[in-house]
Each structure stands twice: as C-alpha cells, then as structure tokens.
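[1] my questions are about this predicted structure, shown below with the sequence.
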Amino acid sequence: MTVGSALHRIVLVAAAAIVLAGCAVGQQELRGTGDLGVIVERERGSLKIVDSTHFEILHRVEGLGDLSHATVKFSRDARYAYVFGRDGGLTKVDILRGAIVARTVEAGNSVGGAISQDGRLIAVSNYEPGGVQVFDAETLELIVDIPARVREGAGRSKVVGLVDAPGQKFVFSLYEAGETWVADFDVDDLSSPEIRRYPEIGRQPYDGLITPDGRYHIAGLYGEDGLALLDLWDLDGGVRRILDGYGRGEEPLPVYKMPHLEGWAQADGKLFLPAVGRHELLVVDPHQDWREVGRIPVYGQPIFAVARPDGRQVWVNFAFPDNNVIQVVDVVEMSVVAEMEPGPGVLHMEFSPRGEHLWLSVRDENRVEVYDTATLERIAELQVETPSGIFLTYRAHRIGL
C-alpha cells in the first residue's frame, strides 16, 4: 500500500467516524412525546414538563399567568400543550423544547378549554365576559366569539363544562341561564358555527362530562339534585333529567369545593360520580335507563373520582378539610379497599395510559407522588412548587380530555 492510498483510507475512515458520530448525536436528540406530561405549578405560574417513564423533570416553562384553575389540552401529535389560565391567558407550549410558541390573553376570567376532533380549533370557556371564544390551533388567532346570551340585549352568562365532541362540535352549559349549547363547526365558514340551544336543563349547571365514545353529554347541577343528559346521537331529542332528587330527604352538607365531573369515572359499564354536598359516590348504570344502582360511602366530599384504565379501581380525593386523604374503591366489591394520606392539599390525580401508575399532586408540601396501582406503594417523588393539575400526553387521543 502506498503512502498516498494509506492517507486516503485514513481520511475516509475519519470522515465516516464523523458522520456516524453526528448520526448518534442526532439520534440521541430525537425522542417521542408519548410518555411526556406537564404539571401545573399554580402559584408560580409555570409548568414542569416530565418524563413519565423515568419520573424525571425535563423543563420548567414560566410566564404562563394565573394558573390557579389551569387546565391543559394537547395537539394531535402530542407535541404542543395548550394551557388555559384563570386570567384569560391561552398559551401554546412546545413540550419538546420547553418553550412558549404563542400566547394570547382572550378574556378576563377563563375556566377551561377543549380542542376539536381534527385538532384545528381551540375553544375557551369564560366566566368574564361570559361565552366561548374559538382560536386557530396553529397561530392562536381568534376565529369567532360566541357570547353566552339567552336573548338579544341580555347580559352574558358564565360558561362551564366545555368539552369537545365528535363531528367538530363543542358542548357547554350556561351557569346563570340553565342552558346547554352545542356549537357545530362542521361548516364552510368557521366564523359562523351552527348553535343548538337547550333551555331549562336545571338550575346552575356547574360542570360537564362526555362519555368516552362521545355519545352522551352530562351536566351537573349545583342548584338542585340531579343531572342533565343530552344524547349527541339524537340532538332533536333534547335534554332529559336523570338522578332527579338523589338527595331528597337528606340535609346537604356545606360545600367547600365543587366536585369535578371532568374527573368522573367510568368502570365496569357504570359511572361513578361525586355527589354534591355528600360523602358519597353515586353509581349510575347507563344500560338501566341511567338509574342509580348504588352509593359508596367515602371519607369526605369527593372532588375527583378517576377510574384506572382497566376499570378495576376508582381513586377518589376530597375537599377541604379532608384533602389529605386518598381512597381506592374496588369496582367489583363496590367498596373502599384502601386509604392513604399523602399529605395536605391533594388536588389532582392522573393515571399512566395503561394504569400501572397513578400520579398525584400534594400542593401544600410542594411535591408530586407516583404510586404503583397494584401494590399501592409510593415509588417516586418529584419536587414541584404548589402542584395542581397533572396532564399526560395520552389525553391527546381521548374524547373530552
């Protein structure tokens, strides 16, 4: 071998090594988003982005405004988190880069949002000025403002319980007006959605849920015992009342915090719903004409009742002064089978996509805990300032989440 050819070979080997090294670096930088999630730091106005496989904090994103009642939705590709702040701030966050992509302040008092079936529209519900605003998911430019007025010239009502529904629809309720509306965006002009109004559903609807198949919308009522049910497969059929007077003959307890129907549980074909002003879960069977088929006594006033993905367990947390306790309900036995005390201010619970882990926030002790749902043992702990909502990216592919 000549000196020239040897040098040429050395150069080729070195060049190949550089290319391979570059590929290796590139591969290390690439990752999916399927096991990522975000945790709301409510007092700091920031998010922690977490890796749910290794229980690691990857980024902190700041400058998100008032997150005292924040919710989060994800884009179809689970790359972007849309953060809905109480101050009307809507922020689009790139969870891979840990950076804000776009932000707008759209109202004076916002309480939640939803993303459309095709992922193109972001809807935000407002207490002030009262209504729903819909934005382009890519740019956060306003597409339409839907004022929550019962009639022309009337004041606006607070909007609650906003959820997405199949067919490019959003469903929500008007608190003061006692109505449910369906906004259909499967239209040529997105600035003019078709609105269906359902009046007199009951006094003071305060939250809403949609079943996992997207068929039924249920609004909880604060002003009276009962729920309002709308079959989205039969919009002409109107709203019907279910569980009317479920507390009849009983003195309701003081309500320290409203339960969240969005934290509802469906398991074994039944719904497990927090009862307003009572230390009970109501068990409802949709296959028995939405009748109550049981009640489960629990430790305090339930806030969230969340079903493990396989449906075998329902985990429950509670309002103050019992917000240091978690209970686990066995769905087959229809009773509480375990109780834990993670610490004061347990606000939110989130299962991993297949249910082997449960994440929960302990606000007053600045940490998030992770539990093994088979052994009920704590297996990880993360330091997070005043944590509240925990949202994992599998929600991107679930109706109503």
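    Thanks, I have it.
[2] rest of the way, CA atoms for contacts and neighbours
    Fine.
[3] quick check: what element follows the helix or strand of the chain with the lowest mean pLDDT along the chain?
    The helix or strand of the chain with the poorest confidence is helix 3-29; it has a mean of 46 (mean pLDDT, DSSP states H and E). Later in the chain than helix 3-29, the nearest helix or strand by DSSP states H and E is strand 36-41.
[4] mean confidence for that following strand?
    In this model, strand 36-41 has an average pLDDT of 98.
[5] that one pairs with which strands, parallel or anti?
    When pairing is defined by DSSP bridges, strand 36-41 lines up against strand 46-51 (antiparallel), strand 387-392 (antiparallel).
[6] tell me which of those strands sits nearest to A219.
    Across these, A219 has its closest neighbour in strand 387-392 (21.6 Å, C-alpha to C-alpha).
[7] got the CA positions of that closest one in PDB?
    The C-alpha trace of strand 387-392 is given here as PDB (Å, rounded to 0.1, in the frame of the first residue of the first chain):
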ATOM      1  CA  PRO A 387     -48.500  21.500  42.100                       C
ATOM      2  CA  SER A 388     -52.100  21.100  41.000                       C
ATOM      3  CA  GLY A 389     -53.100  19.700  37.600                       C
ATOM      4  CA  ILE A 390     -51.200  16.700  36.100                       C
ATOM      5  CA  PHE A 391     -51.700  16.000  32.400                       C
ATOM      6  CA  LEU A 392     -50.000  13.200  30.400                       C
END
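[8] pull the distance from it to the chain's centre.
    Relative to the chain's own centre, strand 387-392 is displaced by 9 Å; criterion: C-alpha atoms, centre = their mean, to the nearest Å.
[9] contacts for that strand?
    Contact with strand 387-392 is made by 35-42, 70-72, 347-350, 352, 359-363, 366-368, as judged by C-alpha atoms under 8 Å, 6 or more residues apart in numbering.
[10] would you agree R291 is in contact with L271?
    No. If you go by C-alpha atoms under 8 Å, R291 and L271 don't touch, sitting 10.4 Å apart.
[11] and these two? which has more neighbours close in?
    Comparing R291 with L271 by other C-alpha atoms under 10 Å, the one with more neighbours is L271, at 22 against 14.
[12] residue contacts, the more buried one?
    Applying C-alpha under 8 Å, 6+ apart, the residues near L271 are W264, A265, L282, V283, V284, D285, P286.
[13] excluding covalently adjacent residues, which one is nearest to it?
    The shortest distance from L271 to any non-neighbouring residue, by C-alpha to C-alpha, 6 or more residues apart in numbering, is to V284 (5.0 Å).
[14] repeat that for R312.
    Closest to R312 by C-alpha to C-alpha, 6+ apart is V331, at 5.4 Å.
[15] wait, that neighbour sits on K270?
    No. The pair V331 and K270 does not pass the contact test of C-alpha under 8 Å, sitting 9.4 Å apart.
[16] CA atoms only for stretch 193-205, dumped as PDB, please.
    What follows is stretch 193-205, C-alpha atoms only, in PDB (Å, rounded to 0.1, in the frame of the first residue of the first chain):
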ATOM      1  CA  PRO A 193     -70.900  27.800  13.600                       C
ATOM      2  CA  GLU A 194     -74.400  26.300  13.900                       C
ATOM      3  CA  ILE A 195     -75.600  26.700  17.500                       C
ATOM      4  CA  ARG A 196     -78.300  24.500  19.100                       C
ATOM      5  CA  ARG A 197     -79.700  25.700  22.400                       C
ATOM      6  CA  TYR A 198     -81.300  23.500  25.100                       C
ATOM      7  CA  PRO A 199     -83.100  25.700  27.700                       C
ATOM      8  CA  GLU A 200     -84.300  24.900  31.200                       C
ATOM      9  CA  ILE A 201     -82.000  22.000  31.800                       C
ATOM     10  CA  GLY A 202     -82.000  22.700  35.600                       C
ATOM     11  CA  ARG A 203     -80.600  25.300  38.000                       C
ATOM     12  CA  GLN A 204     -77.000  26.300  37.900                       C
ATOM     13  CA  PRO A 205     -75.200  23.700  35.800                       C
END
